[in-house]
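Trainee: Here is my input; please provide its structure:
(one chain, ligands or ions: 1)
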Amino acid sequence: MQGTPKPARAITVPDFVKAKAEGRRLSVLTAYDHLWASILDEAGIDAILVGDTLGMVVQGRSSTLPVTLDQMIYHGEMVARAAKRALVIVDLPFMSYQVSPRQAVKNAGRILKETGASSVKLEGGEGQAETIAALAKVDIPVMAHIGMRPQSVRKYGRMSAIQRDADQLLKDAKAAADAGAFSIVLELIPQDAAKAITEAVAIPTIGIGAGPHCDGQVLVTPDMMGLTGFKPKFLKAYADLRAAITDATRAYAEDVREGRFPDESHAHK
Ligand code: KIV
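Mentor: Numbers count the residues shown, from 1 in each chain. Okay, the predicted model is just below:
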């Protein structure tokens with residue numbers, strides 16, 4: 001594909017980390033199955049996150065909390081098989097790592113073994129430093145996720161709670177980086193806080209609702225493709241696929257009902 005960066009090999013965790021030092025911004029999108037992952041991969045996305053947002057956008061639930069480890073592995077395997085170039089990161093779902101570092105190592109190990117993905121993501125900074133260090137110690141690359149942490153929705157009361165404690169955010173980011181995280185997602189934080197964090201840590205920061213000063217950006221693919229109708233301030237919709245699919249479905253149903261499809265040209269002789 002013209003204009004698409006095509007390295008001779010798949011992007012690795014060290015490549016992803018090095019991008020920051022080399023001044024290359026990183027593009028990340030979510031995918032949950034083979035079809036979507038193959039499209040994003042062929043289009044040249046740098047990394048695909050198998051996010052536990054699958055609870056909302058695939059399963060139709062109101063939060064990420066019900067998503068299980070087995071479900072993440074089922075979806076992660078399809079995505080990792082499709083990704084020929086992009087780095088694949090799989091979310092550790094709610095209560096698959098919070099119990100203890102030992103639990104996290106066991107479950108992250110299952111993700112790497114059973115999906116073929118390169119890395120995992122967990123929510124937390126300072127509070128998960130011990131767990132991040134335990135994963136790093138056994139060479140499981142881990143991305144941290146600070147700011148608004150969707151798995152803590154019961155504490156915040158809502159998903160859209162902007163996190164404004166700049167000192168705590170910086171502590172979280174530094175703790176995650178010092179513990180060995182290879183990257184950090186910054187979700188729903190003021191842009192100044194994101195800028196300060198991005199300047200303070202050597203690993204790439206990947207923003208979502210964190211402004212323009214991060215080292216990269218992640219969006220939930222069904223949102224940015226206009227499939228879900230979710231339109232927060234931080235989102236840019238790059239397509240209106242819900243309308244396109246609705247129109248195509250209506251046209252097909254109408255053609256079938258009216259006997260316009262299939263016609264002679266679609267028939268075997
Ligand atoms: O689960 C997810 O898709 C995420 C992104 C919103 C960063 O964590």
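Trainee: Residue numbers of the stretch 51-200 of the chain in contact with the ligand?
Mentor: Counting by Cβ under 6 Å from any ligand atom, the stretch 51-200 of the chain comes close to the ligand at 51-53, 91, 145, 185. Every residue, glycine included, has its C-beta placed from N, CA and C.
Trainee: Just the residues you listed: which are in strands?
Mentor: 91, 145, 185 (DSSP state E).
Trainee: Tell me, what's the model's pLDDT at the residue nearest to Phe230 when sequence neighbours are not counted?
Mentor: Leaving aside its sequence neighbours, Phe230 sits nearest to Asp223 (Cβ to Cβ, 6 or more residues apart in numbering; 4.9 Å). Asp223 carries a pLDDT score of 98 in this model.
Trainee: And Asp223, how far from Met56?
Mentor: Distance, Asp223 to Met56, by Cβ to Cβ, to the nearest Å: 10 Å.
Trainee: Which one's more surrounded, the two?
Mentor: Neighbours were counted for Asp223 and for Met56 using other Cβ atoms under 10 Å; Asp223 has more, 24 against 21.
Trainee: Find the residue closest to Val142 in space, skipping its chain neighbours.
Mentor: Using Cβ to Cβ, 6+ apart, the nearest residue to Val142 is Leu135, at 4.5 Å.
Trainee: now whichever strand or helix holds the one you found: mean pLDDT?
Mentor: For Leu135, the host element (DSSP states H and E) is helix 129-137. Averaging pLDDT along helix 129-137 gives 98.
Trainee: list the helices and strands that helix packs on?
Mentor: helix 101-115, strand 119-123, strand 142-147, helix 166-179 (3 or more Cβ pairs under 8 Å, 6 or more residues apart in numbering; DSSP states H and E).
Trainee: The same query, at a cut-off of 6 Å, please.
Mentor: For helix 129-137, the packing partners by 3 or more Cβ pairs under 6 Å, 6 or more residues apart in numbering; DSSP states H and E come out as helix 101-115, helix 166-179.
Trainee: what sits up against the first one?
Mentor: Applying Cβ atoms under 6 Å, 6 or more residues apart in numbering, the external contacts of helix 101-115 come out as 69, 73, 76-77, 80, 90, 96-97, 120, 130-131, 134-135, 138, 140.
Trainee: ok, so of the residues you listed, who is nearest Ala202?
Mentor: Within the contacts of helix 101-115, proximity to Ala202 (Cβ to Cβ) peaks at Leu135, which comes in at 18.3 Å.
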